[in-house]
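Q: Sequence first, predicted model second:
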Amino acid sequence: VQLVESGGGSVQAGGSLRLSCGASGSIYGDACVGWLRQAPGKEREGVASIDADGSTFFSRSVKGRFTISKDNAKNILYLQMKNLKPGDTAMYYCAAFRGKQWSLLQSDFDYWGQGTQVTVS
């Protein structure tokens with residue numbers, strides 16, 4: 001399975017961005033898929049994930065500002081980010097692992113995209 005992110009860019013604080021992640025295979029229907037980010041000098045952290053049944057999970061730092069959704073038919077995962085803050089600046093990665101569980105831990109994810117940069121100033 002290959003994952004390809006798009007939609008990153010530069011935005012001012014308070015602005016919005018929507019990230020997308022396309023998959024080469026049909027995985028979103030039977031996997032946990034999520035977004036993790038890594039800022040310079042920091043460890044990669046889970047931001048949001050959505051499990052096979054469509055339940056969503058968020059880190060405390062983004063809850064209420066970010067929304068995660070997926071289109072199983074089109075094999076696309078989205079991350080809608082609103083009210084962005086400079087602290088959200090990071091490389092954002094799309095990731096997935098098969099199964100019914102959910103997670104925000106990078107060690108649980110088996111498939112990864114190359115990342116898309118988000119810069120908030």
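A: Yep, it's here.

Q: How much space separates the spatially most central residue of the chain from Gln106?
A: Taking CA atoms, centre = their mean, the centroid of the chain lies closest to Trp35, which sits 1.9 Å from it. For Trp35, the distance to Gln106 (CB to CB, to the nearest Å) stands at 11 Å. Glycine gets a C-beta too; all of them are placed from N, C-alpha and C.

Q: Now do the shared contacts for the two.
A: In the contact map built from CB atoms under 8 Å, 6 or more residues apart in numbering, the residues linked to both Trp35 and Gln106 are 46, 95.

Q: which residues touch Glu5?
A: Going by CB under 8 Å, 6+ apart, Glu5 touches 19-21, 92-94, 113-116.

Q: how close does it sit to Val120?
A: 17 Å.

Q: give me the number of residues near Leu105?
A: 12 (other CB atoms under 10 Å).

Q: For the closest residue in space to it that isn't next to it in sequence, which residues are in contact?
A: The shortest distance from Leu105 to any non-neighbouring residue, by CB to CB, 6 or more residues apart in numbering, is to Gly46 (6.2 Å). Contact analysis of Gly46 by CB under 8 Å, 6+ apart lists 34-36, 59, 103-106.

Q: Report the buried members of these.
A: For these, a burial check counting by 16 or more other CB atoms under 10 Å picks out 34-36, 59, 103-104, 106.

Q: Now go through the residues you listed and say which are in strands.
A: Per DSSP state E, strands hold the following members of these: 34-36.

Q: Distance to Lys74 added to these, as TSV?
A: Converted to TSV, these look like this (distance: CB to CB, whole Å):
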residue	distance to Lys74
Gly34	18
Trp35	17
Leu36	22
